[in-house]
Each structure stands twice: as structure tokens, then as C-alpha cells.
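Student: give the three-dimensional model of this entry:
(2 chains)
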There are 2 protein chains.
Amino acid sequence: MTTGVRRRMGVEERRQQLIGVALELFARRSPDEVSIDEIAATAGISRPLVYHYFPGKLSLYEAALQRAAQDLKSRFAEPHEGPLGARLLRVMGRFFDFVDAHGPGFSALMRGGPAVSAGAADTISHVSATNALIDSVRQAAYEQILSHLGVCDPPARLELVVRSWISLAESTALLWLDGRRIPREELEVQLVQDFAALAAVSAAHDPRLRELLRPVLGDEPADGPFGTLAAGLIALAS
Amino acid sequence: MTTGVRRRMGVEERRQQLIGVALELFARRSPDEVSIDEIAATAGISRPLVYHYFPGKLSLYEAALQRAAQDLKSRFAEPHEGPLGARLLRVMGRFFDFVDAHGPGFSALMRGGPAVSAGAADTISHVSATNALIDSVRQAAYEQILSHLGVCDPPARLELVVRSWISLAESTALLWLDGRRIPREELEVQLVQDFAALAAVSAAHDPRLRELLRPVLGDEPADGPFGTLAAGLIALAS
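Tutor: Residues are numbered from 1 along each chain as shown, chains lettered A, B, ... in the order given. Next up is the predicted model:
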């Protein structure tokens, strides 16, 4: 019976629609270049109506950020089955899917400028909220990796390896977005191999880390990312 | 003839003194916890006089940041002599000296929150200015490393290795500051070894990178950071 009649959306449905529209626009241009007018036009509603659902661009931006963060976290989930290198490689594939889909929004966010102008106090609380959200995604990644390594109470050196590798993955993705001069599939494999390389460097300094990592990395297949790294390094040394 | 009389400082001298006082205070507590009153008291002058030299905390903070950035850049300079691993290790020593000396200020800056409250437009231009300054330090580090590698026009994969390693050094320093649970000397060596490890991972994918790196890394001594990494990895694999 709704034929020809624009169906009225519920509040939550409309909010979700606007968040989706904002994320689509932020995927093509930096959030500070996207106006509320443009979001309203794309959603097919008036500018005042957007403000009815979100008191300002800042609150719409934060809601969009929250959905994107939730989306990214969900991509870290990976069954605890099979070789570790292959698991990490699948997660890297989903991570680069996300980075690829959110390009300019991801860059603007991670480069740390406030995305939108607001009152000073709002801007500062926005920056804090944004940093807290980014940290919560990093923490989710960290906990996932520890769970796959089967470690609950990591020694300081393992915590450092995992957290610093996560930041390496972020910066690699940002550098990739700037021109996309290297095939992303290659970077996905490289990041998995970087993890093994950084862990090996740290393990060479710490017997306890060696004990922790040996059983985990011991059953890697020769044609997986860890195995091919070993072969590549041997070829390089010769 | 100045005995007993407080010598009056020139404008530039007084500005430099205030910058020095600010940096000392930021080295002990986060800049947003340091007030202009405290800076004035430490410098032995009145609060209005501070505002005479710096129109607001933001401009004093930015001047302090500029001096710190200049200081850090100067630590990257290293003679083009001797094995590359040893050169990079000396730079890492000076980098950790800097991080050690500026702890809370460095953390607050790199964690990206605006350090001080101001008008919205000021806050945003401050964040941009701060990001530009951080990027200029990263760029200086990047150019130094390329010059030591003897490369003018780096292929995309080498640029990625160098830039992503610089971000790894930043995040490692930040993680170290959070509790200092690992001796910094160990991290200085590890970062040098991480550079070799990341370069090796990338070179295993790219013959051109192998050609570039082989002569540079070829004359490394067995007891240098690159040599001990190789030995450590062989021990790990066995």
C-alpha cells in the first residue's frame, strides 16, 4: 500500500541511513570536505531534518566513526584453526578491504586532524573521543592476536612486538593509500612476514619469547607466508 | 655592575628563556596539565609579562614544539663513515635520549590530542601546524636514511620500508615510555635490527631492492647489530 508514497522512516532507521550516506561520502572525499548539505541531498532529505537526527556534523561524524570502528573490529574475528600465518593473512585481506573501501575517511582519521570544525571544547572532546575509539580498535586487534598465539599474560617484549606491529600495519596501509603504488596483495603478505620478522628479532633477545613462539610458529607450512619468508631470507643471504 | 640588580632580558632572550622553561615543565607533565601561571612562576616573572612575549599558551606551546623539533632533527645528523648498522645505532641512542628527556610532552604530542584549549579555529590551525611539524621531522629522518643508503630516487618499496620503519621507531618509543619495562639500550639495538628485518622481507619480494641493499649491507661486521641479528635468527631456526 506504500506505492507512490514516500515511506516515512523511524528515527533509528533514518539515523542509520544518514550514517551510511556519510560513510559513503567520506569514502570518496575527506570528511572535512563533505558538507551537511551534501549529506542531506544524497539522503534525499532537507538540511534541517538532518539536524533533527544529529545535532551537528560532529555528532554525525562520531556516529559514522563508531559504525566504521565496529565494522573493522568485526573483521579481526578469525577461527582458531589452521596455520597462524594463513589466519593472519586472511585478516590482513579483510583489513585492506576496509582501508580500500574507506580511503579518504581512513586517512583523515589516522592523520589526526579534527575532521570538522566546532566549538573549541567540542573539538577537544571530539579529538579525545576519536582517539579513544581508535585505541579501542587497536586494543581489539591486540587481544585477537594474543588469543591466536594462545597467550593470556604476555611478557613486556611480546606486548611490544604485537602493539608495534599493529602500528606498522596502520602506517603501511596509510602509505599504500597515498598513491597505491604497490599491489595490496603483496603488502598483505609482507605484513604477515613482518610480524614473524619482528617477533624473531625480539625472540633473539629473550629466551622466554622463544619458548612462547616456537610451538606456535613450529607447524607452519613451507608454502605459507612464514615459510616463504624463511626461503626468501636464505636466498637473500646466499 | 649588575650585582644585586635583576638584569633585564632582551625580547628574544626572554622568549628563549620561556620556551626553555616550558619544555622543562612539559618533560615532567603533559602540556595540558601545565598552566601559564606555573610557567610564569618558574621563569620568575608575572603572568601578564608571559602574555607580553607570547599572546597565548598556544603560541608558547608551538614555539616550544618548534625548538624540540629542531633539536630532534639535529640528532639525526651522522657522519657517512663506518658500518651502516653502527651509524643507525648511534642515531637510535640520540633519539631515545630525546624521548627520555621529553617523556610526557613527547607522548602527549604523538598521541595527537590538542595540547591546549583555545578557540575552535585556533585549535584546528594548531593541530594542522603540529601535524606539519611532526611530518617535517619524519621527512628529515627519511632523507637522512636515504642519504646513508646512498639512494636518491628510491623505488616505492624502499620508500615504504623506510617510512614504515620510522613509524615503528615512533610507536616503539611511545610504548617504551609507558612503563619503561624494557631497557632502552635493548630497544635501540632491536630497532636497528628491525630495519634490517623489514628491508629483508621487502627485498625478498623485489630484485631491484635486493640490488640496492646488497652492497650497503654487505660490509657489516659480524658483531654489529645486523651481524648479531643474522646469528640470532640462525640460532632461532635451529
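Student: can you list the low-confidence ranges for chain A?
Tutor: Flagging of chain A using pLDDT under 70 yields the residue ranges A:1-7, A:112-124, A:232-238.
Student: need the strands for it, in chain order.
Tutor: For chain A, no strands turn up when DSSP state E is the criterion.
Student: just want the most central residue of it.
Tutor: Chain A has A:L72 as the residue nearest its centroid, 5.1 Å off, counting by CA atoms, centre = their mean.
Student: I'd guessed that one sits against A:V99; true?
Tutor: No. Counting by CB atoms under 8 Å, A:L72 does not reach A:V99; the two are 9.1 Å apart. Backbone N, C-alpha and C define where each C-beta goes, glycine included.
Student: which residues sit in contact with the residue nearest to the centre of chain A?
Tutor: A:95, A:98, A:137 (CB atoms under 8 Å, 6 or more residues apart in numbering or on different chains).
Student: now A:L229
Tutor: The neighbourhood of A:L229, defined by CB under 8 Å, 6+ apart, consists of A:193, A:196-197, B:201, B:204.
Student: tell me the one of these nearest B:A68?
Tutor: Each of those was checked against B:A68 using CB to CB; the closest is A:A197, at 31.8 Å.
Student: tell me how far the closest one lies from B:H126.
Tutor: With the distance defined as CB to CB, to the nearest Å, A:A197 ends up 38 Å from B:H126.
Student: those two: which has the busier surroundings?
Tutor: Taking A:A197 and B:H126 together and counting by other CB atoms under 10 Å in any protein chain shown, A:A197 has the greater number of neighbours (25 against 20).
Student: nearest spatial neighbour of that one, skipping sequence neighbours?
Tutor: Once its chain neighbours are removed from consideration, A:A197 has its nearest residue in B:A197; the separation is 3.8 Å (CB to CB, 6 or more residues apart in numbering or on different chains).
Student: then A:S147?
Tutor: Here the residue nearest A:S147, using CB to CB, 6+ apart, is A:H80, at 7.4 Å.
Student: distance of the one you found from A:S167?
Tutor: Taken as CB to CB, the spacing of A:H80 relative to A:S167 amounts to 24 Å.
Student: who has more neighbours, these two?
Tutor: Comparing A:H80 with A:S167 by other CB under 10 Å, the one with more neighbours is A:S167, at 18 against 9.
Student: where along chain A do the helices fall?
Tutor: When assigned using DSSP state H, the helices of chain A occupy the ranges A:11-26, A:36-43, A:47-53, A:57-76, A:84-101, A:103-110, A:120-149, A:156-177, A:184-203, A:207-218, A:225-237.
Student: so which of these is nearest B:I36?
Tutor: Closest to B:I36 of the helices of chain A, according to CB to CB: helix A:120-149, at 16.6 Å.
Student: same for that closest one, what does it pack against?
Tutor: Helix A:120-149 makes packing contacts with helix A:57-76, helix A:84-101, helix A:103-110, helix A:156-177, helix A:207-218, helix B:120-149 when contacts are defined by 3 or more CB pairs under 8 Å, 6 or more residues apart in numbering or on different chains; DSSP states H and E.
Student: I'd like the distance from the first one to the chain centre, please.
Tutor: Distance, stretch centre to chain centre, for helix A:57-76: 10 Å (CA atoms, centre = their mean, to the nearest Å).
Student: name the residues of it that are buried.
Tutor: Within helix A:57-76, the residues that qualify as buried by neighbour count (16 or more other CB atoms under 10 Å in any protein chain shown) are A:57-65, A:68-69, A:72, A:75-76.
Student: just flag the most distant two among those.
Tutor: When CB to CB is used, the two most widely separated members of these are A:K57 and A:F76, lying 29.1 Å apart.
Student: tell me the spacing between A:P183 and chain B.
Tutor: Between A:P183 and chain B the distance is 10 Å, computed by CB to the nearest CB, to the nearest Å.
Student: whoops, I mixed them up, A:G150
Tutor: 19 Å.
Student: for that residue, what are its contacts?
Tutor: If you count contacts by CB under 8 Å, 6+ apart, A:G150 has them with A:V216.
Student: could I get the phi/psi values of it?
Tutor: Comment: the main-chain dihedrals of A:G150 come out as phi 70, psi 30, following degrees, to the nearest 10.
Student: likewise for A:P183?
Tutor: Reported as degrees, to the nearest 10, the phi and psi values for A:P183 are phi -60, psi 130.
Student: re earlier: out of the helices and strands packed on helix A:120-149, which is closest to B:L175?
Tutor: Distances from B:L175 to each of the helices and strands packed on helix A:120-149 were compared using CB to CB; the minimum, 5.4 Å, belongs to helix A:156-177.
Student: contacts only, for A:D71.
Tutor: Under the criterion of CB under 8 Å, 6+ apart, the contact partners of A:D71 comprise A:F98.
Student: quickly note the distance from it to chain B.
Tutor: Counting by CB to the nearest CB, the gap from A:D71 to chain B is 22 Å.
Student: ok, A:A204 next?
Tutor: Applying CB to the nearest CB, the value for A:A204 to chain B is 3 Å.
Student: now swap in A:T42 and tell me
Tutor: Relative to chain B, A:T42 is positioned 25 Å away (CB to the nearest CB).
Student: repeat that for A:S136.
Tutor: Between A:S136 and chain B the computed distance is 14 Å (CB to the nearest CB).
Student: tell me if I'm right that that residue and A:A69 touch.
Tutor: Yes. Using CB under 8 Å as the test, A:S136 is close enough to A:A69 to be in contact (6.8 Å).
Student: need the contact list for the closest residue to A:V161 other than its chain neighbours.
Tutor: Spatially, and ignoring its direct neighbours in sequence, A:V161 is nearest to A:S202 (4.8 Å; CB to CB, 6+ apart). For A:S202, the contacting residues are A:157-158, A:160-161, A:209, B:190, taking CB under 8 Å, 6+ apart as the criterion.
Student: likewise A:L191?
Tutor: Residues in contact with A:L191 (CB under 8 Å, 6+ apart) are A:92, A:165, A:168-169, A:172.
Student: and for A:L84?
Tutor: A:L84 is in contact with A:148-149, A:216-217, A:220, A:226, counting by CB under 8 Å, 6+ apart.
Student: of those, grab the buried ones for PyMOL.
Tutor: Only the buried members of the contacts of A:L84 enter the following PyMOL selection, criterion being 16+ other CB under 10 Å:
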select buried, chain A and resi 148+149+217+220+226
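Student: who touches the residue nearest to A:L174 when sequence neighbours are not counted in this structure?
Tutor: Using CB to CB, 6+ apart and skipping the chain neighbours, the partner closest in space to A:L174 is A:M110 (5.7 Å). With contacts defined as CB under 8 Å, 6+ apart, the neighbours of A:M110 are A:134, A:170, A:174.
Student: perfect, I'm done here.
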